[in-house]
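> Following is a predicted model, sequence given first.
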Amino acid sequence: MSRIAEVFAKLKREGKKGFIPFIVAGHPDLETTVELLVELANSGASVIELGVPFSDPMADGPVIQLASERALQHGFGLKAVLEAAAKARQRTNIPIVLFSYYNPLMQYGVVNVIRDAKEAGIDGVLVTDLTLEESDEFANALRAKELDLIFLVAPTSTDVRLQAITLKATGFIYAVSRAGVTGEQANVSAAAENLVSRVRKCSDLPVAVGFGISTAEQVAKTWTYADAAVVGSAIVAEIERCAGAPDIVQRVGNFARALGSYLGK
Amino acid sequence: MVIRNSQPDEGGHWGPYGGRFVPETLVAPLEELTSAYLAAHDDDNFQSEFAALLADYSGRPTPLFHAKRLTEYAGGAQIYLKREDLSHTGSHKINNALGQILLARRMGKSRVIAETGAGQHGVATATVCALFGLDCVVYMGTEDMRRQALNVFRMELLGAGVQEVNAGSRTLKDAINEALRDWVTNVSDTYYLLGSALGPHPYPLMVREFQSVIGREARAQVLSQTERLPDLLIACVGGGSNSIGLFHPFLNDRVRMIGVEAGGRGNNLGQHAARFNQVGGGRPGVLQGTLSYVLQDQGGQIAPTHSVSAGLDYPSIGPEHAFLHDSGRVEYVSASDAAALEAFQTLSKLEGIIPALESAHAVAHAIKVAREMSCDESIIINLSGRGDKDIDTVGRLRLGTNQ
């Protein structure tokens, strides 16, 4: 059983729900990223999504665009991102999902990147712009290294597609709450609940919901119908606010704890 | 070499290139678009409505003009100009805009978005939206808005909202990112009218088909004027829509073809937009929905580009071009900013035709190769657009060199 599957199995046994924060590697810098991974693991996170910065993040809103731009100014590559993950891995057992656009992975080489990700202690990979139809090579390489392949599903996904995607997915399914780019929303779309119930009809995999979740109330609301809530832009915005502060790690940890404050209740 | 069939597979792949690399939210809308397009393609009513608009609204067929003074100046092959600059709105972009707006109407979409680099596609989209009374938003990088100010004014006059894009290099690539973000957010009522043979399937196929009217006309016109096929076709290549439109109907013929990329001001990454350059060029990668040659750094971050012409200033290229490049069927070269500026003035003075700076790249290379050919051979240049929009840029640059 993969580390991701174990975490979800444990949550289920204990009647709990998962909290999945997203951060951008290298934002504000890679040393802080290592500390944030460890701190978030100790602040109630069940799984952490580690974003690989990309120059053209077409699925992301302004907050993650800015964070990616700042990270890229350091000039590091994917190898350094994996090294940061490996450092954090020595200090925590939390599952880490590499979250990336396809081009940086493709240029590193599909087989090489998965080999190095495995060695760094990465547990799964989610590729924003790799559709089911284009994913054969990547999926096979992941399977060979026993890493999980996390797929996005969206309110626009047809039932036929949900069937096909859930057949190929492992670890968990990431349900996008609404049509749109990443970013905070005043209200989490009702479409999310409907999508989760459609996914449940064709798969037993845990379902996490993300896009637009930014408050503890929204996290708790999501837990009423999904197995986990993903919080991205709100945490990245907090990191941006704290950038340069000596207590950034602690403050982001507190912010995450507050978001997951209904944890276990 | 003759290519019998340059048709993509069902997933929109030409060999390893093309396909659909998008967030899941866009997959179902792209499938819906593909079905609607394929149905329209086989529908006689759609085709006759499209043909009527091309004729009565846009003024097709555009002439094939024997440029005798340019021919004499180059001193070799006979040079013919396919006059897309005479199309309504001043460039070939109107062909695709008309085709896709009919599709948007069939699909019941009420809002249209587009990206634009030089502004020619934005103007064409604003025009067809005015014609059919649809809401229109055009995304444009602020750098391009500065250098193509005339087209910004035209779009606004036509009733479109021009949305400025301040991200990245503030050019075409960044405008496409913003248009994609808008589409993914408003996908239920919005039609994305993509302007080049780029992006996820079915756009590269669909745009090529709507632009192929250029090559079909040119083929018939050259046969009627010279009683033989041309020896060489030349077109500039940004995303690649005017070039694929001219080339495609000739792919089965023994006709040589050259695509001219933007050589900019040097061979280093960041100084040009020549994806196929041997030195400092691109390699296969994924950008904005498709797998093709991409100018990028070692780590797969997309590289900045430069060209004097906004319409060629893009780090990737249509996937069918990548396929035609690898197969050797089409040759790709580049022309520098300086060569394009010189050709801009040469064509203006010799033929009384002011070309778009994009098209001037094709003219520059044509003059060069015509010299090496004999006077009983012939070349067709796709004069993809007119140069009114570039007068200010050229004026500024000429002033710069005189100082």
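All right, it came through fine. Residues are numbered from 1 along each chain as shown, chains lettered A, B, ... in the order given.
> What residues does the stretch 51-200 of chain A have near chain B?
Those residues of the stretch 51-200 of chain A that sit near chain B, judged by C-beta under 8 Å from any C-beta of the partner chain, are A:54-59, A:61, A:65, A:72, A:77-78, A:101-108, A:128-134, A:151-158, A:161, A:165, A:176, A:179-181. Just so you know, the C-beta spots here come from the backbone N, C-alpha and C atoms, and that holds for glycine as well.
> Quick check: closest non-adjacent residue to the residue in the stretch 251-400 of chain B that chain A sits nearest to.
Among the residues of the stretch 251-400 of chain B, B:Gly300 lies closest to chain A, at 3.3 Å counting by C-beta to the nearest C-beta. Nearest non-adjacent residue to B:Gly300, counting by C-beta to C-beta, 6 or more residues apart in numbering or on different chains: A:Gln107, 3.3 Å away.
> and that neighbour, that one's in a helix?
Yes: under DSSP: H, G, I helix; E, B strand; the rest coil, A:Gln107 sits within a helix.
> Count the neighbours of it for me.
22 (other C-beta atoms under 10 Å in any protein chain shown).
> show me the residues around it that make contact.
By C-beta atoms under 8 Å, 6 or more residues apart in numbering or on different chains, A:Gln107 lies in contact with B:Gly285, B:Gln296, B:Gln298, B:Gly299, B:Gly300.
> returning to what we had before: the residue of the stretch 251-400 of chain B closest to chain A sits in which helix or strand?
Using DSSP states H and E, B:Gly300 falls within no helix or strand.
> So it versus B:Ser374, what's the distance?
Counting by C-beta to C-beta, to the nearest Å, the separation of B:Gly300 from B:Ser374 is 46 Å.
> And A:Ala71, by the same measure?
Taken as C-beta to C-beta, the span from A:Ala71 to B:Ser374 is 57 Å.
> Over to B:Gly215?
Between B:Gly215 and B:Ser374 the computed distance is 24 Å (C-beta to C-beta).
> Of those two, give the one with the bigger neighbour count.
Counted by other C-beta under 10 Å, B:Gly215 and B:Ser374 do not tie: B:Gly215 has more neighbours, with 24 against 10.
> Distance check, the more buried one against A:Ile173.
46 Å.
> Equivalent analysis for A:Ser55, please.
28 Å.
> What of B:Gly161?
Where A:Ile173 is concerned, B:Gly161 sits at a distance of 37 Å (C-beta to C-beta).
> Count the residues that sit near A:Arg70.
For A:Arg70, the count of nearby residues is 18 (other C-beta under 10 Å).
> now swap in B:Thr346 and tell me
Taking other C-beta under 10 Å as the criterion, the count of residues near B:Thr346 is 19.
> ditto for B:Gly280
Number of residues near B:Gly280 (other C-beta under 10 Å) recorded here: 15.
> Next up, the contacts around the closest residue to it other than its chain neighbours.
Spatial nearest neighbour of B:Gly280, chain neighbours left out: B:Asn267 (4.4 Å); criterion: C-beta to C-beta, 6+ apart. By C-beta under 8 Å, 6+ apart, B:Asn267 lies in contact with B:Asn277, B:Val279, B:Gly280.
> Recalculate using a threshold of 10 Å.
B:Ala274, B:Asn277, B:Gln278, B:Val279, B:Gly280, B:Gly281, B:Ser334, B:Ser336 (C-beta atoms under 10 Å, 6 or more residues apart in numbering or on different chains).
> residue contacts, the third one?
So that's B:Gln278. By C-beta under 10 Å, 6+ apart, B:Gln278 lies in contact with B:Asn267.
> Show the pLDDT at it.
What the model reports for B:Gln278 is a pLDDT of 91.
> buried sites along the helix or strand encompassing A:Ala208?
Taking DSSP H and E as the definition, A:Ala208 sits inside strand A:207-210. By 16 or more other C-beta atoms under 10 Å in any protein chain shown, the buried positions in strand A:207-210 come out as A:Val207, A:Ala208, A:Val209, A:Gly210.
> Ok, stretch B:376-384 next?
By 16+ other C-beta under 10 Å, the buried positions in stretch B:376-384 come out as B:Glu377, B:Ser378, B:Ile379, B:Ile380, B:Ile381, B:Asn382, B:Leu383, B:Ser384.
> What score does the last one have for pLDDT?
Per-residue pLDDT puts B:Ser384 at 98.
> Let me see the ranges of the helices in the stretch 201-350 of chain B.
B:203-211, B:213-226, B:241-247, B:319-327, B:337-351 (DSSP state H, counting those that start in this stretch).
> what is the rounded mean pLDDT of the shortest one?
If you average the pLDDT over helix B:241-247, you get 98.
> Check whether B:Gln211 really touches B:Lys93, as I assumed.
Yes: B:Gln211 is in contact with B:Lys93 according to C-beta atoms under 10 Å; the separation is 9.0 Å.
> And the two? Which one has more around it.
Counted by other C-beta under 10 Å, B:Gln211 and B:Lys93 do not tie: B:Lys93 has more neighbours, with 31 against 28.
> Could you report the pLDDT at the more buried one?
Value listed for B:Lys93 in the pLDDT field: 98.
> what residues are up against it?
B:84, B:87, B:114, B:116, B:118-125, B:127, B:195-196, B:207, B:211, B:241-242, B:311, B:384-385.
> what's the answer for A:Glu35, then?
So, once contact is read as C-beta under 10 Å, 6+ apart, A:Glu35 ends up touching A:Ala84, A:Lys87, A:Ala88, A:Arg91, A:Ile248, A:Val249, A:Gln250, A:Val252, A:Gly253.
> quick one: which of the residues you listed is nearest chain B?
A:Ala84 (14.7 Å).
> who's more crowded, B:Gly161 and A:Ile173?
A:Ile173 (26 against 13).
> Tell me which residue lies nearest the centroid of chain B.
Nearest to the geometric centre of chain B sits B:Ser241, at 3.5 Å (C-alpha atoms, centre = their mean).
> what about that one, distance to chain A?
The spacing between B:Ser241 and chain A, counted by C-beta to the nearest C-beta, to the nearest Å, is 20 Å.
> do the same with B:Pro29
Distance check for B:Pro29 against chain A: by C-beta to the nearest C-beta, it reads 6 Å.
> give me every residue that touches that residue.
Residues in contact with B:Pro29 (C-beta under 10 Å, 6+ apart) are A:Thr156, A:Ala179, B:Val22, B:Met107, B:Trp183, B:Val184, B:Val187, B:Ser188, B:Thr190, B:Tyr191, B:Tyr192.
> Okay, and it sits in which element?
For B:Pro29, the host element (DSSP H and E) is helix B:27-41.
> Show me how far that helix is from its chain's centre.
22 Å (C-alpha atoms, centre = their mean, to the nearest Å).
> cool, and stretch B:328-335?
Here stretch B:328-335 is found 15 Å from its chain centre; the criterion is C-alpha atoms, centre = their mean.
> Dump it to PDB, keeping only the CA atoms.
Presented in PDB, the C-alpha positions along stretch B:328-335 are these (Å, rounded to 0.1, in the frame of the first residue of the first chain):
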ATOM      1  CA  GLY B 328      11.800  17.500 -44.600                       C
ATOM      2  CA  ARG B 329       8.700  18.300 -46.700                       C
ATOM      3  CA  VAL B 330       9.000  22.000 -45.900                       C
ATOM      4  CA  GLU B 331      12.200  23.900 -45.300                       C
ATOM      5  CA  TYR B 332      12.400  26.500 -42.600                       C
ATOM      6  CA  VAL B 333      14.800  29.400 -42.500                       C
ATOM      7  CA  SER B 334      14.800  32.700 -40.700                       C
ATOM      8  CA  ALA B 335      15.000  36.400 -41.800                       C
END
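> Quick one: mean pLDDT over it.
Stretch B:328-335 comes out with an average pLDDT of 98.
> If you count neighbours, what's buried in it?
Applying a neighbour-count criterion of 16+ other C-beta under 10 Å, the buried positions in stretch B:328-335 are B:Arg329, B:Val330, B:Glu331, B:Tyr332, B:Val333, B:Ser334, B:Ala335.
> for the nearest residue to B:Ser384 once chain neighbours are set aside, what are its contacts?
Nearest residue to B:Ser384, sequence neighbours excluded (C-beta to C-beta, 6+ apart): B:Asn242, at 3.8 Å. Neighbouring residues of B:Asn242 by C-beta under 10 Å, 6+ apart: B:82, B:84, B:91-93, B:95-96, B:120, B:196-197, B:211, B:214, B:235-236, B:259, B:311, B:356, B:358-359, B:362, B:382-385.
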